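>>> Could you work out the structure for the sequence below:
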Amino acid sequence: MGEPLLFIPGLMQDARAFLPQIVALGRHHAAQVYLPVQDSVERMSEEALRHAPPRFALIGHGLGGEVALDILRRAPERVSRLVLLATDPLAEPAQQAAQREARMVAAQAGRLKAAIAEDVPASALADTPDRPEVLALMQDMALGLGEGVYLRQCRALQRRPDQQRTLRRATVPALFLAGLADTLLPLRRHEFARDLMPSSALKPIPQAGHLPMLEAPEAVTAAIEGFLAGPMILR
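Numbers count the residues shown, from 1 in each chain. Purely as a prediction, here's the structure:
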């Protein structure tokens, strides 16, 4: 068996967000999923580390990527490799935090479905025949987790730490995966994060937007498989 894998889904996602990768990679790696439901990234990373293997490869999306970066900050010796999808290393700007606050108010008023539709709109995904199905899954995962998880995760995103220093200091091999149709976190932000990290690479994913692991599961799985089997020094 290869190195253990720790998957951390993003905002209002459960293990189904990474199901294609878990099934494919689980043939050769012990796979574990951590659902981040605390009200701060720091609490999430602390809890994840308590339940994680002694050493593991990290795979995170969005909020899950933020937690992965904080795990790397706390315990770099325990992380063998890092894969980040749609992950912003910067703290949330005030304007975005205010917009998120409005969605939180909507969720508290019983409009969680509408709030999620604003968090991940159709325009943030690639215009493919599978887009309605991916959006429906996103809604199903979110409604299953419920308003309480949404409010805590949103608060964590509003307060998330700036992780630029973590990236600069990191020596672990890292792979950034960017959906080319992602309007929430465009390619240039992924390039910015990659350039901060000494041992990293960026792979754009065609025909995918903000949820590449669901929009283009085979391409994402192949990229991760190649990365896990590749050299420990990328550049």
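>>> Do you have the helices of the chain handy? List them.
Taking DSSP state H as the criterion, the chain carries its helices at 19-25, 41-51, 63-74, 94-108, 112-119, 131-145, 147-158, 164-169, 187-196, 212-215, 217-229.
>>> my guess is Glu47 contacts Gln38, does it?
Yes - Glu47 is within contact range of Gln38, at 6.4 Å (criterion: Cβ atoms under 8 Å). Where C-beta positions appear, they are placed from N, C-alpha and C, glycine not excepted.
>>> For the protein, which residue occupies the most central location?
His61 (0.9 Å; Cα atoms, centre = their mean).
>>> Please tell me how far it sits from Ala94.
According to Cβ to Cβ, to the nearest Å, His61 stands 24 Å off from Ala94.
>>> can you check Thr171 too?
33 Å.
>>> Of those two, give the one with the bigger neighbour count.
Between Thr171 and Ala94, Thr171 has the larger neighbour count (other Cβ atoms under 10 Å), namely 12 against 9.
>>> show me what contacts the more buried one?
Pro76, Pro198, Ser199 (Cβ atoms under 8 Å, 6 or more residues apart in numbering).
>>> Gln13 contacts Met141, doesn't it?
Yes - under the criterion of Cβ under 8 Å, Gln13 makes contact with Met141 at 5.2 Å.
>>> the more surrounded of those two?
Gln13 (26 against 19).
>>> give the contact list for the more buried one.
By Cβ under 8 Å, 6+ apart, Gln13 lies in contact with His61, Gly62, Gly64, Met138, Met141, Ala142.
>>> pLDDT score assigned to it?
The model reports Gln13 with a pLDDT of 98.
>>> With distance to Gly179 and mean pLDDT as extra columns, can I get the helices of the chain in TSV?
Output for the helices of the chain, formatted as TSV (distance: least, Cβ to Cβ, whole Å; pLDDT from 0 to 100):
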stretch	distance to Gly179	mean pLDDT
helix 19-25	15	97
helix 41-51	22	97
helix 63-74	13	98
helix 94-108	19	96
helix 112-119	16	97
helix 131-145	11	98
helix 147-158	19	98
helix 164-169	20	97
helix 187-196	9	96
helix 212-215	4	98
helix 217-229	9	96
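>>> who wins for proximity to Phe7 among these?
Set against Phe7 and scored by Cβ to Cβ, the helices of the chain come closest in helix 19-25, at 6.5 Å.
>>> ok now that closest one, how far from the chain's centre?
On the basis of Cα atoms, centre = their mean, to the nearest Å, helix 19-25 sits 15 Å off its chain's mean C-alpha point.
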